[in-house]
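Enquirer: task: produce atomic coordinates for the following.
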Amino acid sequence: KTPANRRPMPIRLGGERLVLPSGTHAVTRTLVVPTSHRLVIEPGARLLMGPDASLIAFRGIEAIGTRERPIAIVAADPEHAWGACGVARAPETSEFAYVTVSGGSNAHHAGIAFTGQLSFNASDAVVRDCDIVRGAGDDALSVKRALFQVARTRFIDNASDGFDAEWASGAVEHSLFANNGDDGLDLAASEVRVHRAWFRRMGDKAVSAGERSTVTLEASQLIDSQIAIASKEDSRVEVRGSEFRRNEIGISLYRDNAIFGSGYGVVTGGLFTEN
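Expert: Prediction:
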């Protein structure tokens, strides 16, 4: 009998789509989707990722689970991190819904660095109702040079940043950042609107805005972090109706790079307590 980890992936072809059906699948080495096809992961699929194995696509990934039949992309062995689920230069928007991504790190393929266990490089993405947790790499979610929408998603127990956006634009809504080792939301040269988000127990900053980023943060809570919000390098942060509680520093505006100026901040209707 052929061992499960040596059986071919049961992928079926449907026009320009490669479809991975529901069920448990062992991914023991990096799987690269041909540039001619879009990958579709069906509800109920569970990908057990082997050490350093990655999933790379160039036409986008559609992973739309349901509350009753979620999708999981997780480590086969929790003691050994896998690589990244990455999309690069895709002409179509990727969508992840009701997906758990856990135990990954980062990857390099064809000269492209995927710095998050879930990464979108020059590829627009919608991420909703997902758990992006226990990542071992630089970022849990990484978006570079793309548009994004993140909603009702949890970033928990990641080794470094929860969500890193560079030269990106989008919104984060109704999402939770908790127990991440570095920043919750780390921004460089990006424009982001944050609405009703909860940041708790970041190792460094809840929100870090740098390199001329523009951030609007509304109706959110920033609790128990070293710095709740940092604005630097000509970035502009506007905060409305939000709570800063039990942080070492509530808001910090400064200059740390000679080629940029300082940060700028406006807080309206904010509550600062026990910082």
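
Enquirer: next secondary structure after the helix or strand where residue 13 lies?
Expert: Assigned by DSSP states H and E, residue 13 belongs to strand 12-14. Sequence-wise, the next helix or strand downstream of strand 12-14 (DSSP H and E) is strand 17-20.

Enquirer: list the buried residues for that following strand?
Expert: 18-20 (16 or more other CB atoms under 10 Å). For every residue, glycine as well, the C-beta is placed using N, CA and C.

Enquirer: mind listing residues that contact it?
Expert: Applying CB atoms under 8 Å, 6 or more residues apart in numbering, the external contacts of strand 17-20 come out as 9-13, 33-34, 37-42, 45, 47.

Enquirer: out of those residues, grab the one that's most surrounded.
Expert: Counting neighbours by other CB atoms under 10 Å, residue 41 leads these with 26 neighbours.

Enquirer: just give the nearest non-adjacent residue to it, would you?
Expert: residue 63 (4.1 Å; CB to CB, 6 or more residues apart in numbering).

Enquirer: report the distance from the strand holding residue 13 to the chain centre.
Expert: Taking CA atoms, centre = their mean, to the nearest Å, the mean C-alpha location of strand 12-14 is offset from the chain mean by 28 Å.

Enquirer: stretch 116-125 too?
Expert: Between the centre of stretch 116-125 and the centre of its chain there are 8 Å (CA atoms, centre = their mean).

Enquirer: and it, how far apart are its ends?
Expert: Start-to-end span of stretch 116-125 (CA to CA, to the nearest Å) is 14 Å.

Enquirer: stretch 87-104 now?
Expert: Taking CA to CA, stretch 87-104 runs 15 Å from one end to the other.

Enquirer: same question for stretch 147-164.
Expert: Stretch 147-164 has an end-to-end distance of 13 Å (CA to CA).

Enquirer: low-confidence ranges in the stretch 1-150 of the chain?
Expert: Residues of the stretch 1-150 of the chain that meet the criterion pLDDT under 70 lie in 1-8.

Enquirer: re the thing from before, got the contact list for the residue nearest to residue 41?
Expert: Applying CB under 8 Å, 6+ apart to residue 63 gives the contacts 40-41, 45, 71, 73, 95-97, 99.

Enquirer: try residue 127
Expert: Contact analysis of residue 127 by CB under 8 Å, 6+ apart lists 95-97, 118, 141, 148-151, 153.

Enquirer: so residue 227 sits against residue 253, correct?
Expert: No - Residue 227 lies out of contact with residue 253 (CB atoms under 8 Å); the separation is 10.8 Å.

Enquirer: who has more neighbours out of those two?
Expert: Neighbour tally, residue 227 and residue 253, criterion other CB under 10 Å: the higher count belongs to residue 227, 20 against 15.

Enquirer: can you name the residues bridging to the more buried one?
Expert: Per DSSP bridges, the residues bridged to residue 227 are residue 205, residue 249.

Enquirer: that one: what's it in contact with?
Expert: 204-206, 208, 247-249, 251-252.

Enquirer: between those residues, which sits nearest residue 175?
Expert: residue 206 (12.3 Å; CB to CB).

Enquirer: residue 51 sits in which helix or strand?
Expert: Using DSSP H and E, residue 51 sits in no helix or strand.

Enquirer: for it, which non-adjacent residue is spatially closest?
Expert: residue 80 (4.0 Å).
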